[in-house]
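J.: I need the structure of the sequence given here:
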Amino acid sequence: MGLFSFFRSAATPEPQSAAPVFPSAEAMAFLSLDDPAVVEFLRGGNVSTSGVTVSVEKAMRNTAVFRSVSLVSQSIGMLPLHVVEKDTKEKARELPLFKVLHRRPNNFQTAYDLKTLLQHHALVKGNGYARIIRSRDIRRGGKPVITGLVPLNPDRVTPIQNADLSVSYRYQPKSGGQTIFDPLDLFH
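T.: As a prediction, the model looks like this:
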């Protein structure tokens with residue numbers, strides 16, 4: 001037995017078992033209720049191939065993800081949004097909707113805050129919703145005009161496709177009964 005054969009005869013370590021590989025949530029199929037992927041799926045996150053549960057809350061704790069969402073949301077919030085006259089292409093400053101979109105959408109937010117929040121909801125939750133508030137304008141012959149936009153939590157809004165293929169929205173607040181909104185009463 002030579003010197004080199006001494007080193008070659010050393011037992012090679014057995015490969016260690018890898019972490020279990022779980023399919024993505026879209027293709028999730030469980031073999032039984034004892035499957036460990038069932039528990040991970042029911043915890044609310046998507047299990048990655050490394051076996052780590054990833055949820056929106058966990059992803060937003062990552063500084064790169066948080067900063068990316070913040071940058072996009074705030075950039076959209078800074079963009080101007082104007083109502084324009086169809087014929088003259090001038091800003092329609094006299095319309096109540098101009099003030100709502102440009103200055104003050106509700107009593108507690110600026111236009112920047114509302115646009116930023118709705119974009120944040122769209123990026124993180126997939127949808128952004130705001131309730132359209134109308135009142136009758138005496139100067140316009142009593143016609144209803146949009147006087148405000150109030151953001152709604154997208155986790156509490158469910159789009160519903162009606163039998164006639166139109167869409168309505170069910171809103172379930174934390175307290176109180178549910179409300180069904182017509183698409184004309186909700187900014188989506």
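
J.: So which residues of this protein form strands?
T.: 46-47, 53-54, 129-137, 143-152, 157-161, 167-171, 179-181, 186-187 (DSSP state E).

J.: Looking at the ones you listed, which is nearest to Gln74?
T.: Closest to Gln74 of the strands of the chain, according to Cβ to Cβ: strand 143-152, at 15.8 Å. (Each C-beta comes from the backbone N, C-alpha and C, glycine too.)

J.: For that closest one, C-alpha coordinates in CSV please.
T.: Extracted as CSV, the C-alpha positions of strand 143-152 are listed here (Å, rounded to 0.1, in the frame of the first residue of the first chain):
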residue,chain,number,x,y,z
LYS,A,143,-76.3,66.9,-10.6
PRO,A,144,-74.2,64.5,-8.4
VAL,A,145,-70.5,65.3,-8.5
ILE,A,146,-67.5,63.5,-7.0
THR,A,147,-66.4,65.3,-3.9
GLY,A,148,-64.1,62.7,-2.3
LEU,A,149,-62.2,59.4,-2.4
VAL,A,150,-61.8,57.4,0.7
PRO,A,151,-59.3,54.4,0.6
LEU,A,152,-60.5,51.0,1.5
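
J.: That one pairs with which strands?
T.: strand 129-137 (antiparallel) (DSSP bridges).

J.: mean confidence for the lengthiest helix in the chain?
T.: Ranked by residue count and defined by DSSP state H, the top helix of the chain is helix 63-78. Averaging pLDDT along helix 63-78 yields 93.

J.: sorry, back to before: looking at the strands of the chain, which is nearest to Pro105?
T.: Pro105 sits nearest to strand 143-152 of all these, at 4.2 Å, using Cβ to Cβ.

J.: And Lys99, how close does it get to Gly148?
T.: Using Cβ to Cβ, to the nearest Å, Lys99 is found at 10 Å from Gly148.

J.: and if you look at Leu184?
T.: Taking Cβ to Cβ, one finds Leu184 at 15 Å from Gly148.

J.: More neighbours: these two, which one.
T.: Neighbour totals were compared for Leu184 and Gly148, and Gly148 leads with 19 against 8 (other Cβ atoms under 10 Å).

J.: All good on my end, thank you.
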